[in-house]
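Asks: I would like the atomic coordinates for the input below:
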Amino acid sequence: MENSTPRKQEILTVGIVSRPELSFNFKSRYNFLGNYYTGPHTARAKFGQIEFEGMLYDEIYFRHADETGSFELNDVTIGVDFHWNRQETQLFPDDLKIIVVDGKLTAINCVGIENYLVSVISSEMSATSSEELLKAHCIISRSWILAQKNKSQALRAAGADYSTCTDTPEERIKWYDREDHLHFDVCADDHCQRYYGLSRASTQAVRDAVDQTWGRVLTYDGKICDARFSKCCGGVYEEFKFCWEPKEIPYLIRRRDSETPADYPDLTVEENARKWILSEPGAFCNTKDEQILSQVLTNFDQETRNFYRWRVEYTVDELSEIVRQRTGEDFGQILALEPVARGTSGRLWKLRIVGTKKTKVIGKELEIRRTLSTSHLYSSAFVVDRKDDRFILRGAGWGHGVGLCQIGAAVMGAKGYKHDVILAHYFPGSMIEKKY
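Replies: Below you'll find the model as predicted:
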């Protein structure tokens, strides 16, 4: 540690779960309106307010009364809309706030950013990852959350509308960022960063990595980087503008995930993309090393084994029904899935769906992934073939592919690369600076 005195932390508000009824268990003393609470309790939504201990409140804030505090929340859903969706009882540090939103109770964890990071690093990956990967991920996760807070504050100060969707009869282009979160800074699931509480903070190595990088962030031209990351880029990073708002970000650019980062084809060209996706070119993230994968993938992530290159098949009827359910629009029988525009990793950011009743272009990458699956496709870097009554999708990578590739970074760590070199590889031109 750099000093032995307690260090201040900026407080984050993290939305955990929203339900008509919340059950929670205080593991230490908590204070609300001068009363102290321990053990299990329940709050319910009633008449647009919060019913707790026979009284109605507009908002409740439980503040930990001891030096440290923790509480459990029951029935927390993780992996929302993804194939690993499940419910858990989770343990959280610091304070609990409960508000009413749309007739339901929303539990918000008010937590110091460094305490938050201890869980994020263990939730996004296995807590047994290499020291250099843990340090690298601490820095980018801290950078991302502070960049998001700065962005939100700037938008509120400017009174600016932040539109993430254009929808016409011919085209629907939507990206998913932070527009859903009006009542807290970030959510606890994959939409933002995975934050599964103290239950995942399982090793001293994680705490050491947070402590050793305390207050350090990535910057570019003096501003904190919007440091994105995903599980597996598939061999080439994607550019920011093809996944989110159409904006050039100089450190979120295309590169090959290898020791020769400039060696890659133009994957915006359909012929090149098909050849790339149907092959298995060398890359840091092209690994089947079980030891490395076990460091990066949490227990439920390890249920996904084929991610560098993958394959999904649907019958025409299956695909037509999925598209109808996911879009709320009746395309009739799906006749074709046609690539319209690809990003620099080969990920589709515009796809034309041709049906017997209607045709429409959809995008961006996450909208495509969620439209063509009951959960989400691993990525939008795929090619489509039609064989008889079946659609065959062959794809590359897991996630949006922008910024740090977690599996590639894990391989770099195993090869002996230091965390600053790993970060320079994935965020070219950036610098590490200590902000507090």
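Asks: what pLDDT does K174 get?
Replies: At K174, the pLDDT value in this model is 95.
Asks: show me what I224 is bridged to.
Replies: Beta-bridge pairing of I224 under DSSP bridges involves T219.
Asks: confirm T89 sits in a strand?
Replies: Yes - counting by DSSP: H, G, I helix; E, B strand; the rest coil, T89 is located in a strand.
Asks: now it. Nearest residue, chain neighbours left out?
Replies: Leaving aside its sequence neighbours, T89 sits nearest to N74 (CB to CB, 6 or more residues apart in numbering; 5.0 Å). For the C-beta atoms, the positions are set from N, CA and C on the backbone; glycine is no exception.
Asks: touching, that neighbour and R19? I think so.
Replies: No - the pair N74 and R19 fails to qualify as a contact (CB atoms under 8 Å) at a distance of 9.5 Å.
Asks: strand partners (parallel or antiparallel) of the helix or strand encompassing the residue nearest to T89?
Replies: Secondary-structure assignment from DSSP states H and E places N74 in strand 70-78. Strand 70-78 pairs in its sheet with strand 21-32 (antiparallel), strand 86-93 (antiparallel), by DSSP bridges.
Asks: touching that strand from outside, list them.
Replies: For strand 70-78, the external contacting residues (CB atoms under 8 Å, 6 or more residues apart in numbering) are 16-17, 19, 22-28, 30, 62, 64, 84-93, 96, 107, 188-189, 194, 196-198.
Asks: give the closest residue to I50 in space, chain neighbours not counted.
Replies: Using CB to CB, 6+ apart, the closest residue to I50 is Y57 (4.7 Å).
Asks: hang on, the earlier thing: so which of the strands paired with strand 70-78 is nearest L182?
Replies: L182 lies closest to strand 21-32 among the strands paired with strand 70-78, at 19.4 Å (CB to CB).
Asks: can you list the neighbours in contact with the helix or strand just after the closest one?
Replies: Downstream of strand 21-32, the next assigned helix or strand under DSSP H and E is strand 35-46. For strand 35-46, the external contacting residues (CB under 8 Å, 6+ apart) are 20-31, 50-53, 56, 60, 62, 65, 98, 100, 103-105.
Asks: which elements pack onto the longest helix that the chain contains?
Replies: Counting residues, the longest helix in the chain under DSSP state H turns out to be helix 131-158. In terms of contacts (3 or more CB pairs under 8 Å, 6 or more residues apart in numbering; DSSP states H and E), helix 131-158 is packed against helix 113-124, helix 204-212, strand 216-220, strand 223-224, strand 229-230, strand 404-405, helix 406-414, helix 419-426.
Asks: what angle sits between the third one and helix 419-426?
Replies: Right, strand 216-220. 30 degrees (axes from the mean of the first three to the mean of the last three CA atoms, to 10 degrees).
Asks: using CSV, write out every CA atom in strand 216-220.
Replies: Output of strand 216-220 as CSV, limited to C-alpha atoms (Å, rounded to 0.1, in the frame of the first residue of the first chain):
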residue,chain,number,x,y,z
ARG,A,216,-5.0,4.9,-11.6
VAL,A,217,-6.9,5.3,-14.9
LEU,A,218,-6.2,5.3,-18.6
THR,A,219,-6.1,8.8,-20.2
TYR,A,220,-5.9,10.1,-23.7
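Asks: chain center to that strand: distance?
Replies: 20 Å (CA atoms, centre = their mean, to the nearest Å).
Asks: do the same with the fifth one
Replies: Here strand 229-230 is found 7 Å from its chain centre; the criterion is CA atoms, centre = their mean.
Asks: that strand: partners in the sheet, and parallel or antiparallel?
Replies: strand 404-405 (parallel).
Asks: quick check: mean pLDDT of the partner strand?
Replies: Rounded mean pLDDT across strand 404-405 is 97.
Asks: got it, and stretch 28-40?
Replies: 97.
Asks: buried residues in the strand holding N74?
Replies: Neighbour counts using 16 or more other CB atoms under 10 Å place 70-74, 76-78 of strand 70-78 among the buried residues.
Asks: next one: stretch 337-355
Replies: Buried, per 16+ other CB under 10 Å, within stretch 337-355: 337, 339, 341-353, 355.
Asks: for stretch 38-55, same thing?
Replies: 41, 43, 45, 50-52.
Asks: can you check stretch 183-197 too?
Replies: 184-197.
Asks: show me the shaky parts of the stretch 251-400 of the chain.
Replies: 298-305 (pLDDT under 70).
Asks: again, 50 this time
Replies: 300 (pLDDT under 50).
Asks: reformat the buried residues of strand 70-78 as CSV; add distance to N272 and pLDDT.
Replies: What follows is the buried residues of strand 70-78, written out as CSV (distance: CB to CB, whole Å; pLDDT from 0 to 100):
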residue, distance to N272, pLDDT
S70, 52, 95
F71, 52, 96
E72, 51, 95
L73, 48, 94
N74, 50, 93
V76, 43, 87
T77, 40, 77
I78, 37, 68
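Asks: can you tell me which two in those are farthest apart?
Replies: S70 and T77 (20.3 Å).
Asks: that older thread, farthest pair within the buried residues of stretch 38-55?
Replies: With CB to CB as the measure, no two of the buried residues of stretch 38-55 lie farther apart than H41 and A45, at 14.9 Å.
Asks: sec struct for the residue nearest the centre of the chain, please.
Replies: With distances taken as CA atoms, centre = their mean, D190 lies nearest the centre of the chain, 3.5 Å away. With three-state DSSP as the basis, D190 sits in coil.
Asks: mind listing the strands for the stretch 251-400 of the chain?
Replies: Remark: strands assigned in the stretch 251-400 of the chain by DSSP state E, counting those that start in this stretch are 309-315, 334-342, 348-355, 359-363, 382-387, 390-396.
Asks: using CSV, please lay out the ones you listed together with distance to S152.
Replies: Below are those laid out as CSV (distance: least, CB to CB, whole Å):
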stretch, distance to S152
strand 309-315, 35
strand 334-342, 29
strand 348-355, 25
strand 359-363, 24
strand 382-387, 33
strand 390-396, 33
